[in-house]
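1. my questions concern the predicted model and sequence given below.
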Amino acid sequence: MFRHISIVDSALTAIDQHVAAHPPERGGGLLGPLGMPLITSFLPDPDGVSPTATFRFSAAFQRALTRVELVEPDLELKGIVHSHTEGAEHPSAADLVAFADCLRLTPWLGRYVTPIVTRQNQRTEDHHVLLPNGVMAVFVSTPTTLGAVEVRPARVQILPIGRDCARLAATLGASVSTPRTADVEGVVHIAVALRTESLVLTLLFPLLYPTQAPIALAVRTVDHHHRILPLPLTWDLTVAAGSRLVRALDTVADLSW
């Protein structure tokens, strides 16, 4: 049986840069909104290796995680990702002990997302995510009544928010903020702000993106006065997914006020 996890593509980029591009064992923490099977960011832990070469969070990581949770209290630790040597894509016996320890310390989570990164160059299973420098095999670990953990593969939905915002930013000549979670009438969205000298475009992406359109809010500053305008997007599903956001914003004349 598969579990299902959603992950923002910018988190995958960070995992590739901080884990897959380095020799094993490297890793870090997966973060996302409270109570949801969604990963929005990755917090690396380059010091997280025990004397037995089994990845465990370092004291420095724990301090960094505390700082993140103070700034963004709606985020929680979803799990741990780390790398193995090529061909060892499943959690080791030592990993299972570490996962069980983590779940005992955070029983309210109920499960841990526990991917393993290896140096491969092709995706061969449904629970594999291909990275530029390897493959991430995604698993979910849940505690058993005997105090151990059960590990199952997880299908992954990748939200291409970083990719599409970068393309839009290149069109607008804008900078792009780090994705954050936002509550819209009780529903979690992923918020990204694109900024130019006179315009802030805030995009609130639903979890069904890119099938479902984001909410777009434009804020333009003129003579120290702010004008806020929700933008009506035409979301054409016949347009290729990677071009859909730029095409939708191209049709909004109000971006030129």
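-> That came through, no problem. Just so it is clear, the structure is predicted and the values come from calculations on it, not from any experiment.
2. for residue 66, pull up the helix or strand it's in.
-> In this structure, residue 66 sits in helix 59-71 according to DSSP states H and E.
3. residue 122 now?
-> When secondary structure is defined by DSSP H and E, residue 122 falls outside every helix and strand.
4. can you count the residues close to the nearest residue to residue 134 once chain neighbours are set aside?
-> Beyond its immediate neighbours in the sequence, the residue positioned closest to residue 134 (CB to CB, 6 or more residues apart in numbering) is residue 20, lying 4.0 Å away. (Glycine included, C-beta is placed from N, CA and C.) Under the neighbour criterion other CB atoms under 10 Å, residue 20 is assigned a count of 22.
5. give the contact list for residue 20.
-> Contacts of residue 20 were listed using CB atoms under 8 Å, 6 or more residues apart in numbering, and they are 83, 117, 119, 131, 132, 133, 134, 136.
6. mind doing that once more with 10 Å?
-> By CB atoms under 10 Å, 6 or more residues apart in numbering, the residues touching residue 20 are 12, 26, 81, 83, 117-120, 131-136.
7. same question for residue 55.
-> Residues 19, 24-28, 45, 48-49, 80-84, 92, 94-95, 98, 116 are the ones in contact with residue 55 under the rule CB under 10 Å, 6+ apart.
8. for it, give the beta-bridge partners.
-> Under the criterion DSSP bridges, residue 55 forms beta bridges with residue 49.
9. and the gap between it and residue 150?
-> As defined by CB to CB, to the nearest Å, residue 55 lies at a distance of 20 Å from residue 150.
10. low-confidence ranges in the stretch 101-250 of the chain?
-> Counting by pLDDT under 70, the low-confidence segments of the stretch 101-250 of the chain come to 221-226.
11. those helices in it, which residues are they?
-> If DSSP state H, counting those that start in this stretch is used as the criterion, the helices of the stretch 101-250 of the chain fall at 161-172, 244-250.
12. now the ones you listed in CSV, with mean neighbour count and distance to residue 178?
-> Shown next, in CSV, are those (neighbours: other CB atoms under 10 Å; distance: least, CB to CB, whole Å):
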stretch, mean neighbour count, distance to residue 178
helix 161-172, 18, 10
helix 244-250, 19, 18
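13. so which of those gets nearest residue 214?
-> Checking the helices of the stretch 101-250 of the chain against residue 214 by CB to CB gives helix 244-250 as the closest, at 7.4 Å.
14. so which elements touch that closest one?
-> With contacts defined as 3 or more CB pairs under 10 Å, 6 or more residues apart in numbering; DSSP states H and E, helix 244-250 has these neighbours: helix 161-172, strand 199-205, strand 215-222.
15. still on that earlier bit, now, of the contacts of residue 55, which are buried?
-> Applying 16 or more other CB atoms under 10 Å to the contacts of residue 55, the neighbour count classes 19, 24-28, 45, 48-49, 80-84, 95, 98, 116 as buried.
16. mind checking which of those are in helices?
-> With helices taken from DSSP state H, the overlap with the buried ones among the contacts of residue 55 comprises 95, 98.
17. check contacts around the residue nearest the centre of the chain.
-> In the chain, the C-alpha nearest the mean C-alpha coordinate belongs to residue 40, at 3.0 Å (CA atoms, centre = their mean). Shown here is residue 40, whose contacts under the criterion CB under 10 Å, 6+ apart are 6-8, 10-11, 30-33, 72, 75, 78, 159, 161, 178-181, 188, 190.
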